[in-house]
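A.B. asks: below are the sequence and a predicted model; questions follow.
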2 protein chains.
Amino acid sequence: MVKQERAVRTRALVLRAGAEVIATRGYEGATIAEILDHAGVTKGAMYFHFPSKQALAEAVIEEQTNISTVPVTSSRLQDAVDLSQRVARALQSDPLLQAGTRIAVETGFAEEPIVPYQQWTSVFRSMFSSAKESGEVLPSVDPVETAEMFVASYLGVQLFSQAATNREDVCDRVATLWRHLLPGIATPGVLARIEPDGVGDLDDFGGIPQQHEATDIASS
Amino acid sequence: MVKQERAVRTRALVLRAGAEVIATRGYEGATIAEILDHAGVTKGAMYFHFPSKQALAEAVIEEQTNISTVPVTSSRLQDAVDLSQRVARALQSDPLLQAGTRIAVETGFAEEPIVPYQQWTSVFRSMFSSAKESGEVLPSVDPVETAEMFVASYLGVQLFSQAATNREDVCDRVATLWRHLLPGIATPGVLARIEPDGVGDLDDFGGIPQQHEATDIASS
């Protein structure tokens, strides 16, 4: 393996190990020592890519919205529903998304929050804008405002589901959120065609692939 | 002061001091020592009322939904909007509500979450039920489902506002949430009459009164 390939591989290894430890322990609870142990790399190798736990957390937040596989169909509003349902399914098992949630809620009260709101808002704003241009969305809808409201509500819904059922019912709760929101977003003719449960292959989120056989993280 | 009065006063003092420390430090970060110091009571006096930090947190959650001043008007749907706007205003300064949020998001990942969802859901479920009986709410609305969805979304909206503007814009964001939700909740004739920003005296939430001149909690 040439030097650059090895560096890319080490970075992905540490990123995934960091996400797994943070998803289990929380951001405050995660220690560099456990992340290193879990990744099986040296401190030097980790610090080359992430000089601090904060830098690692920022990379987790960035990586989770680095989505390569959002299909574009004739309905960008349905695409938005489908993406949210894909993320909901992935949240049940993907440590990158789970870690992102814990980082967001734990650092949201700090002076410098590390939150994924801007990245997710940008993804949904773009979809609502396209849907508005094609007449799927009511003229009164402001794509930025609606995207921020949706991303915020979605966070609350998955936190509620986490506390209530360890996220087992998160897809149903996301569908319920859409059923309540769509009459205030979609034009009447389009409303009946949008499926709040999502359509297509919702298991494919396109997160980063698993890099190694993870060692168990005992739940604390 | 007779013995019972003193006990009631001490309990309220510790409850408020606990809420203030948790609102500032977070649930994990709050120590019994700082709470005692802030309340100015002995460990024995505190443990008489709250045998653990968890018991104190549970009392904070219970107390914050112990609302004595929810006005009942001819529109229970507007009452629900008004209550949510009253809570939004109170969240900007009321340590009881701020502590409740931190307890909910920090313990939501634990095996035994201490969350206010059930209490708040019950309050809004009751209002949506009455509104449905009086024909304000669409027949398709299930008051329990809608209340859970609303409480969850509301949590996300205030967390988003906390991270974005330290809750300065929380009232506007709550109004935006209602503007998006109301078309999926209210009957068409009622929809135009509901004011998403709330009406009436929204500064009166009716939380527990301040019991003492609080000593400063330096932000960490």
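C.D. replies: In hand now; what should we look at?

A.B. asks: in stretch A:7-27, what's buried?
C.D. replies: By neighbour count with 16 or more other Cβ atoms under 10 Å in any protein chain shown, stretch A:7-27 contains the buried residues A:10-27. Bear in mind the C-beta positions are built from the backbone N, C-alpha and C, glycine included.

A.B. asks: do stretch A:184-192 as well
C.D. replies: Quick answer for stretch A:184-192 (16+ other Cβ under 10 Å): A:184-186, A:190-191.

A.B. asks: how far does that stretch stretch from one end to the other?
C.D. replies: 13 Å (Cα to Cα, to the nearest Å).

A.B. asks: repeat for stretch A:162-173
C.D. replies: Span of stretch A:162-173 from end to end, Cα to Cα: 11 Å.

A.B. asks: who in chain A is up against chain B?
C.D. replies: A:26, A:28, A:102, A:104-106, A:108-109, A:113, A:115, A:117, A:145-146, A:148-149, A:151-157, A:159-164, A:173, A:176-177, A:179-185 (Cβ under 8 Å from any Cβ of the partner chain).

A.B. asks: secondary structure element for the residue of chain A found nearest chain B, which one?
C.D. replies: Minimum separation of chain A from chain B (Cβ to the nearest Cβ) falls at A:Gly156, amounting to 2.6 Å. If you go by DSSP states H and E, A:Gly156 is part of helix A:143-165.

A.B. asks: give me the buried positions along the helix or strand that that helix is followed by.
C.D. replies: Per DSSP H and E, the first helix or strand lying C-terminal to helix A:143-165 is helix A:170-181. Buried residues in helix A:170-181, defined by neighbour count with 16+ other Cβ under 10 Å: A:170-171, A:173-181.

A.B. asks: can you give the contact residues for helix A:170-181?
C.D. replies: For helix A:170-181, contacts defined as Cβ atoms under 8 Å, 6 or more residues apart in numbering or on different chains pick out A:81, A:84-85, A:88-89, A:91-92, A:150, A:153-154, A:157-158, A:160-162, A:194, A:196-198, B:145-146, B:148-149, B:152-153, B:180-181, B:184-185.

A.B. asks: just how off-centre is that helix within its chain?
C.D. replies: Distance, stretch centre to chain centre, for helix A:170-181: 17 Å (Cα atoms, centre = their mean, to the nearest Å).

A.B. asks: show me where chain A has helices.
C.D. replies: A:3-25, A:32-39, A:43-49, A:53-64, A:76-91, A:95-107, A:117-133, A:143-165, A:170-181, A:188-191 (DSSP state H).

A.B. asks: contacts only, for the residue positioned nearest the centre of chain A.
C.D. replies: Nearest to the geometric centre of chain A sits A:Leu97, at 4.4 Å (Cα atoms, centre = their mean). Shown in contact with A:Leu97 (Cβ under 8 Å, 6+ apart): A:64, A:87, A:90-91, A:207.

A.B. asks: buried subset of the contacts of helix A:170-181?
C.D. replies: A:81, A:84-85, A:88-89, A:91, A:150, A:153-154, A:157-158, A:160-162, A:194, A:196, A:198, B:145-146, B:148-149, B:152-153, B:180-181, B:184-185.

A.B. asks: grab the nearest non-local neighbour of A:Asp203.
C.D. replies: Nearest non-adjacent residue to A:Asp203, counting by Cβ to Cβ, 6 or more residues apart in numbering or on different chains: A:Arg89, 5.9 Å away.

A.B. asks: what does the model give that neighbour for pLDDT?
C.D. replies: A:Arg89 is assigned a pLDDT of 95 by the prediction.

A.B. asks: could you check how far it is from B:Val60?
C.D. replies: Using Cβ to Cβ, to the nearest Å, we find A:Arg89 at a distance of 34 Å from B:Val60.

A.B. asks: then A:Ala192?
C.D. replies: Computed as Cβ to Cβ, the A:Ala192 to B:Val60 distance reads 45 Å.

A.B. asks: quick check, the residue nearest to A:Asp203 in contact with A:Gly200.
C.D. replies: No. The criterion here is Cβ atoms under 8 Å, and A:Arg89 misses it with A:Gly200 at 12.0 Å.

A.B. asks: if we can go back for a sec, dump the residue contacts of the residue of chain A closest to chain B.
C.D. replies: B:151-157, B:159.

A.B. asks: domain parsing of chain A, as residue ranges.
C.D. replies: A:3-59, A:65-191 (automatic domain parsing).

A.B. asks: average pLDDT across the first one?
C.D. replies: What it means is domain A:3-59. 94.

A.B. asks: got it, and stretch A:113-123?
C.D. replies: On average, stretch A:113-123 scores 89.

A.B. asks: just stretch A:202-210 next, same as before
C.D. replies: 60.

A.B. asks: which of the residues in stretch A:60-74 are classified as buried?
C.D. replies: A:60-61, A:63-65, A:67.

A.B. asks: what about A:His38, neighbour count?
C.D. replies: A count of neighbours around A:His38, defined by other Cβ atoms under 10 Å in any protein chain shown, yields 22.

A.B. asks: and for A:Thr42?
C.D. replies: When neighbours are defined as other Cβ under 10 Å, A:Thr42 has 11 of them.

A.B. asks: same check on A:Glu28?
C.D. replies: Counted with other Cβ under 10 Å, A:Glu28 comes out at 16.

A.B. asks: go on, A:Leu155?
C.D. replies: Count around A:Leu155 with other Cβ under 10 Å applied: 27.

A.B. asks: wait, doesn't it sit right on A:Gly100?
C.D. replies: No. A:Leu155 is not in contact with A:Gly100 according to Cβ under 8 Å; the separation is 10.1 Å.

A.B. asks: looking at the buried residues of helix A:170-181, spot the one nearest A:Thr73.
C.D. replies: A:Trp178 (16.4 Å; Cβ to Cβ).

A.B. asks: which residues does A:Val41 contact?
C.D. replies: A:Val41 neighbours (Cβ under 8 Å, 6+ apart): A:10, A:13-14, A:17.

A.B. asks: actually, A:Thr146.
C.D. replies: Contacts of A:Thr146 by Cβ under 8 Å, 6+ apart are A:124-125, A:128, A:185, B:180.

A.B. asks: related to what we said a few turns ago, could the domains of chain A be laid out in TSV, adding distance to B:Phe50?
C.D. replies: As requested, the domains of chain A are exported to TSV (distance: least, Cβ to Cβ, whole Å):
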stretch	distance to B:Phe50
domain A:3-59	24
domain A:65-191	22
